[in-house]
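Engineer: Here is a sequence together with a model predicted from it:
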Amino acid sequence: MEDNMDIKTTIVNTLHAALADELDHDQINELLEVPKSSKLGDYAFPTFVLAKTRHQAPQQIAQALVAELDHAPYEKIEANGAYVNFFLDKGEFAEATLADIFNEGDHYGDATLGENGNVPIDMSSPNIAKPMSMGHLRSTVIGNALANIYAKIGYHPIKINYLGDWGTQFGKLIVAYHKWGSEAEIKADPISNLLKYYVRFHAEAEKDPELDDEGRAWFKKLEDGDPEATHLWEWFRRLSLAEFQKIYDRLGIQFDSFNGEAYYNDKMDPIVDDLKAKNLLQPSRGAQIVDLTDENLTPALIKRSDGATLYITRDLAAATDRYHQFHFAKSLYVVGNEQTEHFKQLKAVLKKMGDDWADDIIHVPFGLITKDGKKLSTRKGNVVLLEKVLDEAVDLAKQQIAAKNPDLPNADQVAHQVGVGAVIFHDLKNDRLDSFDFSLAEVVRFEGETGPYVQYSNARAQSILRKAGHHADRQGNLTIDDPAAWDTIKFLAEFPATVLRAAREYEPSVIAKYALRLSKTFNKYYANSKILVADDQLNARLALVEATSQVLQQALALLGVQAPEEM
């Protein structure tokens, strides 16, 4: 069998040896299915796709193909209707899989694909002076999980928190602070009060449009380096960062850079000059644009008629700066789905400037979290505060622990790991492009397909090992002939391929769904088999329990979720 016991690769290679003229490796891989029952084999290959070229009925093709394949690595290969079914050699496979997991430890599933190439990840990016809402959670936890996954396959991720720390909103905030704010209020509770001023500004501006002009004028002062405007901006930024950091600490997430929009203020002129030099800038109603008609995109607005720069100007400067700083293998932007057009424009403008590295910029979009079907909006005050959700999730975890395991020694720490883990896992188990409506009860549910269920499965495995009083002997018998164990062993063997798929698709939910399926099969095995019976397979069963715990902990760690040993 192959390194890492990647079952699918082995079967794909077996089939490709017979089908090289008809299908390539990727096509065969896509077609392989897992039968509903192990009685029908471990993998099945449907032959319908060959009927056109071979001019035979699929059943006949299946029979013929079985005769053409190398049976050596398998218990048996047989035709069943239009399918070729593969049965793996269970004893040998189980032994090799468990040995792999033991030998590689936490490095099981590692790959060297990335060759240590840099991967900057633009993620989280909350706006200064506004609270972090559930809307910020997605970019934060998807970005963090992708950083973990990419590190595992040999890349060097660089997590960049591209803060929203510039723009007209700061002019508005300064006006609001002058009119209705106080230093004491801000010192007492920075974010809530800054938000209160900001929401009030928008409510008042609907009645008095001149307020908007005042806001713009103060932002112009800030751009021109006015001492008072600069002092207030720096103060708001510093206080906001300290508040954000409390939440990042709870989520267990660290960043390599907090270079926000303001950092690129002095880096935009060279971009604009370069666009001019390359004759890419065109006037349009007083503004300056890059025409992208040939790319079927709307024009990229580089400078407004009043000379102000825009998001895309800043993003062009940021992309260029990151390329020169990191010479990245790829550059990921974990930003909402609604910005898809913006990133197409960004790449198109860079390509026109002759920067072919723009092909390595990848927008990783995600769907919205809505509340009662409406988009979360700070301006309208329709916001679900992330801190509040984390507090309530931890409280709920505390209640559950008090009811189920009142003597748990480090109950507060476990409640934190379980509550916060529930919030992170709930986000990541959803396909990232799916939007979902926020419901606290749903997010912190501890039954069903949840983070706490996976954590509990790992804690159960740890509890069995504690009861056994010793770990499995790595040199001892690792062969299990218990049919109930087979599904768990197969899932364990799929972990390396699962990590690669999650990386290839920029999709942490692949790992979350894997962790749920592995937990389910392990719990089924636990329910149907006596593990701690002193017989010649006890060592192999303990090895299976230990391997399951190890892989579940790794899967959770990739998602940024902790794994308590007791719950």
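Structural biologist: Received, thanks. Numbering: from 1, shown residues only.
Engineer: And the helix or strand hosting Phe244, what's buried?
Structural biologist: Secondary structure from DSSP states H and E places Phe244 in helix 227-251. Within helix 227-251, the residues that count as buried by 16 or more other CB atoms under 10 Å are 229, 232-233, 235-237, 239-241, 243-244, 247-248, 250-251. C-beta here means a position set from N, CA and C on the backbone, and glycine is covered the same way.
Engineer: so which of those residues comes closest to Tyr514?
Structural biologist: For the buried residues of helix 227-251, the closest approach to Tyr514 (CB to CB) belongs to Leu251, at 21.6 Å.
Engineer: The closest one touches Ala145, doesn't it?
Structural biologist: No. Counting by CB atoms under 8 Å, Leu251 does not reach Ala145; the two are 11.4 Å apart.
Engineer: what ranges do the strands span in the stretch 51-200 of the chain?
Structural biologist: 74-80, 83-88, 118-123, 156-161 (DSSP state E, counting those that start in this stretch).
Engineer: Report the mean per-residue pLDDT for the longest one.
Structural biologist: Spelled out, it's strand 74-80. For strand 74-80, mean pLDDT is 95.
Engineer: same question, stretch 41-60
Structural biologist: Here the average pLDDT along stretch 41-60 is 95.
Engineer: Please identify the buried residues of that stretch?
Structural biologist: 41-47, 49-50, 58.
Engineer: So, low pLDDT: which residues of the stretch 251-400 of the chain?
Structural biologist: Across the stretch 251-400 of the chain, the ranges flagged by pLDDT under 70 are 377-382.
Engineer: and the end-to-end length of stretch 70-86?
Structural biologist: 11 Å (CA to CA, to the nearest Å).
Engineer: quick one: contacts of that stretch?
Structural biologist: Residues outside stretch 70-86 that contact it (CB atoms under 8 Å, 6 or more residues apart in numbering) are 1, 10-11, 14-15, 17, 33, 35, 40-48, 58-59, 61-63, 65-66, 69, 87-90.
Engineer: What of stretch 209-222?
Structural biologist: With CB under 8 Å, 6+ apart as the criterion, stretch 209-222 contacts 167-172, 174-175, 201, 204-205, 228-230, 233.
Engineer: 10 Å - rerun?
Structural biologist: The contact list for stretch 209-222 (CB atoms under 10 Å, 6 or more residues apart in numbering) reads 166-179, 201-202, 204-206, 208, 226-230, 232-233, 262, 306, 308.
Engineer: so what's Pro35 up against?
Structural biologist: So Pro35 contacts 41-44, 80, 83, 85-86 (CB under 10 Å, 6+ apart).
Engineer: quick check, nearest of the residues you listed to Tyr150?
Structural biologist: Nearest member of the contacts of Pro35 to Tyr150, counting by CB to CB, is Tyr43, at 28.4 Å.
Engineer: Give me the nearest residue to the closest one, chain neighbours excluded.
Structural biologist: Residue nearest to Tyr43 in three dimensions, not counting chain neighbours: Phe86, with 4.7 Å by CB to CB, 6 or more residues apart in numbering.
Engineer: what's across from the one you found in the sheet?
Structural biologist: Tyr43, Ile77 (DSSP bridges).
Engineer: one step back: find residues that contact each of Leu251 and Ala145.
Structural biologist: By CB under 10 Å, 6+ apart, the residues touching both Leu251 and Ala145 are 424, 560-561.
Engineer: give the contact list for the residue nearest to the spatial centre of the chain.
Structural biologist: With distances taken as CA atoms, centre = their mean, Ile142 lies nearest the centre of the chain, 2.9 Å away. For Ile142, the contacting residues are 121, 123-124, 332, 334, 364-366, 427-428, 432, 506-509, 559-560, by CB under 10 Å, 6+ apart.
Engineer: give me that answer again for 6 Å
Structural biologist: 334, 366, 432, 508 (CB atoms under 6 Å, 6 or more residues apart in numbering).
Engineer: Which residue, other than its chain neighbours, is closest to it?
Structural biologist: Per CB to CB, 6+ apart, closest to Ile142 is Val334, 5.2 Å.
Engineer: Could you measure from the one you found over to Arg432?
Structural biologist: 9 Å (CB to CB, to the nearest Å).
Engineer: higher neighbour count, the two?
Structural biologist: Comparing Val334 with Arg432 by neighbour count (other CB atoms under 10 Å), the higher total belongs to Val334, at 27 against 21.
Engineer: Surely the more buried one and Phe366 touch.
Structural biologist: No. Between Val334 and Phe366 there is no contact under CB atoms under 6 Å: 7.1 Å.
Engineer: circling back: make TSV out of the contacts of Ile142 and add distance to Gln282.
Structural biologist: Shown next, in TSV, are the contacts of Ile142 (distance: CB to CB, whole Å):
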residue	distance to Gln282
Val334	32
Phe366	34
Arg432	36
Pro508	41
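Engineer: wait, which of these is closest to Gly154?
Structural biologist: Closest approach between those and Gly154, by CB to CB: Pro508, at 17.8 Å.
Engineer: I'd like to know how many residues surround the closest residue in space to the closest one that isn't next to it in sequence.
Structural biologist: Nearest residue to Pro508 in three dimensions, chain neighbours excluded: Ala145, at 3.7 Å (CB to CB, 6+ apart). Neighbours of Ala145 under the rule other CB under 10 Å: 28.
Engineer: Quick check: Ala145 vs Gly560, distance?
Structural biologist: In terms of CB to CB, Ala145 sits 6 Å off from Gly560.
Engineer: cool, and Ala493?
Structural biologist: Applying CB to CB, the value for Ala493 to Gly560 is 25 Å.
Engineer: next one: Lys220
Structural biologist: From Lys220 to Gly560 the distance is 41 Å (CB to CB).
Engineer: which residues in the stretch 201-350 of the chain form helices?
Structural biologist: For the stretch 201-350 of the chain, the helices defined by DSSP state H, counting those that start in this stretch occupy 210-223, 227-251, 269-277, 311-326, 340-352.
Engineer: Looking at those helices, which is nearest to Asp21?
Structural biologist: Nearest to Asp21, of the helices of the stretch 201-350 of the chain and by CB to CB, is helix 340-352 at 37.8 Å.
Engineer: on that earlier part again, go through the strands of the stretch 51-200 of the chain and pick out the most buried.
Structural biologist: strand 118-123 (a mean of 25; mean count of other CB atoms under 10 Å).
Engineer: Alpha carbons of that strand, in PDB - could you do that?
Structural biologist: Output of strand 118-123 as PDB, limited to C-alpha atoms (Å, rounded to 0.1, in the frame of the first residue of the first chain):
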ATOM      1  CA  ASN A 118       4.500  32.500   1.900                       C
ATOM      2  CA  VAL A 119       0.700  32.800   2.000                       C
ATOM      3  CA  PRO A 120      -0.500  36.100   3.300                       C
ATOM      4  CA  ILE A 121      -4.200  35.800   4.500                       C
ATOM      5  CA  ASP A 122      -6.200  39.000   4.600                       C
ATOM      6  CA  MET A 123      -8.800  38.200   7.300                       C
END
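Engineer: shift numbering so it begins at 546
Structural biologist: Yes, from this point I'll number from 546; that puts the last item at strand 663-668.
Engineer: Contacts only, for Tyr1070.
Structural biologist: 1029-1030, 1033.
Engineer: so which of the residues you listed comes closest to Gly699?
Structural biologist: Thr1033 (27.7 Å).
Engineer: can you pull the pLDDT of that closest one?
Structural biologist: On pLDDT, Thr1033 comes in at 96.
Engineer: Excluding sequence neighbours, find me the nearest residue to His971.
Structural biologist: Val988 (4.6 Å).
Engineer: So what's the residue count around the one you found?
Structural biologist: If we define neighbours as other CB under 10 Å, then Val988 has 24 of them.
Engineer: ok, and what's touching stretch 688-705?
Structural biologist: 655-659, 661-668, 798, 800-802, 879, 973, 1044, 1047-1048, 1053, 1103-1105.
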